[in-house]
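[1] The sequence and its predicted three-dimensional model are supplied below.
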Amino acid sequence: MLTPVDLETMVFKRSFRGFDIKEIREFMSRITKDYETLYRENLDLKEDLELLKIKLSQYQSMEENIRNAVILAQKTADEVKTSAQLKSEMIVQEAIQQSEEVKVKLREDIQNELQNLALLKNQAELFKSQFKGYLNSLLEIVDNQADLGKIWEGLHNNLPKEYINAAQEEAAATDEKNNEEML
């Protein structure tokens, strides 16, 4: 490409009936100015183009970084989602397992309480039968004492009165002593 200096320094050969040199120089001067303007604009545009290419490269690099960041964020979000889902499933499984353990423990506790209740029932029945036996023995003693009353009357009639009075006083003292102990 010709530079403006090349145009300015261009020399044409002279011929016998050639062109008017003044006109050629004026025309060359105008062309040189226009060409110089175009040449400078072209250089400026090339510089601008290089700057724009550099900026485009930077923007493309930034776009690639952003794209990678978005992909990484998506992967991270997916991993967090998967991790949270697994964790929630583990929590549910643990809750189910704990509830099953509680159910088993409650069943064992209920079974133990039923066994304790049956044992208490048996003990109550045993106590009831023993108490009935005790009451029956007391009834027998009372019945026997009634018989002793008849024996006593028989003895009372046959013993001298001094023995009877002494025995009655002793029985009264024993009764009085028993009454005091009960209080």
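    Looks like it arrived, so ask away.
[2] Please enumerate the helices of this protein.
    Taking DSSP state H as the criterion, the chain carries its helices at 4-9, 21-158, 161-182.
[3] Throw these into JSON lines and include mean neighbour count, thanks.
    All C-beta spots, glycine's among them, are computed from the backbone N, C-alpha and C. Converted to JSON lines, these look like this (neighbours: other CB atoms under 10 Å):
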{"stretch": "helix 4-9", "mean neighbour count": "13"}
{"stretch": "helix 21-158", "mean neighbour count": "11"}
{"stretch": "helix 161-182", "mean neighbour count": "10"}
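[4] what would the ones you listed look like in a markdown table with mean pLDDT?
    Output for the helices of the chain, formatted as a markdown table (pLDDT from 0 to 100):
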| stretch | mean pLDDT |
| --- | --- |
| helix 4-9 | 74 |
| helix 21-158 | 89 |
| helix 161-182 | 74 |
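[5] which residues sit against stretch 7-25?
    Contact with stretch 7-25 is made by 28, 31-32, 35, as judged by CB atoms under 8 Å, 6 or more residues apart in numbering.
[6] And that stretch, how far out from the chain middle?
    Offset of stretch 7-25 from its chain centre (CA atoms, centre = their mean, to the nearest Å): 97 Å.
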